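S.K.: Next come a sequence and a model predicted from it.
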Amino acid sequence: MKILVLNGPNLNLLGKRETDNYGVLTLEEINKSLYELAVELGVELEIHQSNGEGELVEKIQSAAGKFQGILINPAAYTHTSIALRDALLAVSLPCVEVHLSNIYSREEFRHHSYIAPVCTGQISGFREDSYTLGLRALVSFIRKK
C-alpha cells in the first residue's frame, strides 16, 4: 500500500515559527516519525511539501492509480483552496486531513475547512501526533474497505 503525504505552505518553517501553536519539531522530524510508523504498518510513503497551491494540486492529480490514500496538511490552504478540494474530489482516494494545532480553538477564519468535506476524516490539535494518528486511521480505513 502506498500513501501520499502532502504538506502545505509554511510547514517547511516548523520548529521556528509559532511554536506555541505548532510545537518545536521540524517537518523533517515529523517525516522521520511517519517513515518509522510506515515500516511498522507495512506501507510505503511518498512525502512532499510545497508553498505553492498549483504544485499541491498536481501532486494530488498524479496520485490516482499510484497511491491508495492521501494524508494531507493543507495548512493555510485549508481555509481558502477550492482547487485543492476539487483535486481531492477528482481523484476519489481516501484522504485524511491533519493539523498540528486545533484549528477550531484559533481565529474564526480557521474554523472552516474547504478540505474536510471531501476527506474520510480530520485530525487536529495533537501537534506531531496528528500526523501519526492520521496515518494510522487512513491505513486502517483502507484495509477495512
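M.R.: Structure received.

S.K.: where do the helices sit along this protein?
M.R.: For the chain, the helices identified by DSSP state H occupy 19-22, 27-41, 53-61, 82-91, 129-144, in order along the chain.

S.K.: Tabulate the ones you listed (CSV), appending mean neighbour count, mean pLDDT and distance to Pro9.
M.R.: Glycine gets a C-beta too; all of them are placed from N, C-alpha and C. As requested, the helices of the chain are exported to CSV (neighbours: other CB atoms under 10 Å; pLDDT from 0 to 100; distance: least, CB to CB, whole Å):
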stretch, mean neighbour count, mean pLDDT, distance to Pro9
helix 19-22, 13, 72, 13
helix 27-41, 15, 98, 12
helix 53-61, 17, 98, 8
helix 82-91, 17, 98, 11
helix 129-144, 19, 98, 17
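
S.K.: Arrange those in TSV, one row each, with distance to Leu4 as further columns.
M.R.: Rendered in TSV, the data for the helices of the chain read as follows (distance: least, CB to CB, whole Å):
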stretch	distance to Leu4
helix 19-22	22
helix 27-41	12
helix 53-61	7
helix 82-91	10
helix 129-144	10
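
S.K.: since we're on the nearest residue to His112 once chain neighbours are set aside, how many residues are nearby?
M.R.: Setting aside the residues directly before and after it, His112 is nearest to His79 in space (CB to CB, 6 or more residues apart in numbering), at 5.9 Å. Burial measure for His79: 16 neighbouring residues, criterion other CB atoms under 10 Å.

S.K.: could we number from 436 for the rest of this?
M.R.: Will do, 436 is the new start, and the previous item becomes His514.

S.K.: is it true that His514 touches Arg545?
M.R.: Yes. With contact taken as CB atoms under 8 Å, His514 and Arg545 are classed as touching, separated by 5.9 Å.

S.K.: Kind regards, and thank you for your time.
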